[in-house]
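Chemist: here is my input, please return the structure:
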Amino acid sequence: MSAWQPVIGLEVHAQLATRSKIFSPAATRYGAEANTQAHLIDLGLPGVLPVPNREAVRLAVRFGLAVDA
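Modeler: Okay, here's the model as predicted:
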């Protein structure tokens, strides 16, 4: 008998209808020109910390509760 037990999981991705990115105040307009929707947070500069988008977190939790996840 093997000591290993298989564990199978499911990873789901969802696109939330928010006006800004999840960790950046930069806009998320579809079809905008490249590099026009960037913010200092997106550049990953030292000392710049991301702040979660409250609306995105609210929508994600709401979806999770709706599907009993």
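Chemist: where along this protein do the helices fall?
Modeler: 40-43, 54-66 (DSSP state H).
Chemist: looking at those helices, which is closest to residue 16?
Modeler: helix 54-66 (4.7 Å; Cβ to Cβ). For every residue, glycine as well, the C-beta is placed using N, CA and C.
Chemist: quick check: mean pLDDT across the closest one?
Modeler: Average pLDDT, helix 54-66: 93.
Chemist: from the chain's centre, how far out does that helix sit?
Modeler: 11 Å (Cα atoms, centre = their mean, to the nearest Å).
Chemist: for the helices of the chain, which one sits closest to residue 13?
Modeler: Closest approach to residue 13 among the helices of the chain (Cβ to Cβ): helix 54-66, 11.0 Å.
Chemist: which residues touch the closest one?
Modeler: Judged by Cβ atoms under 8 Å, 6 or more residues apart in numbering, the contacts made with helix 54-66 from elsewhere in the structure are 14, 16-19, 22, 69.
Chemist: if we use 6 Å, what do you get?
Modeler: Residues outside helix 54-66 that contact it (Cβ atoms under 6 Å, 6 or more residues apart in numbering) are 16, 18, 22.
Chemist: spatially central residue for this protein, please.
Modeler: residue 22 (5.0 Å; Cα atoms, centre = their mean).
Chemist: since that was my last question, I'll sign off now.
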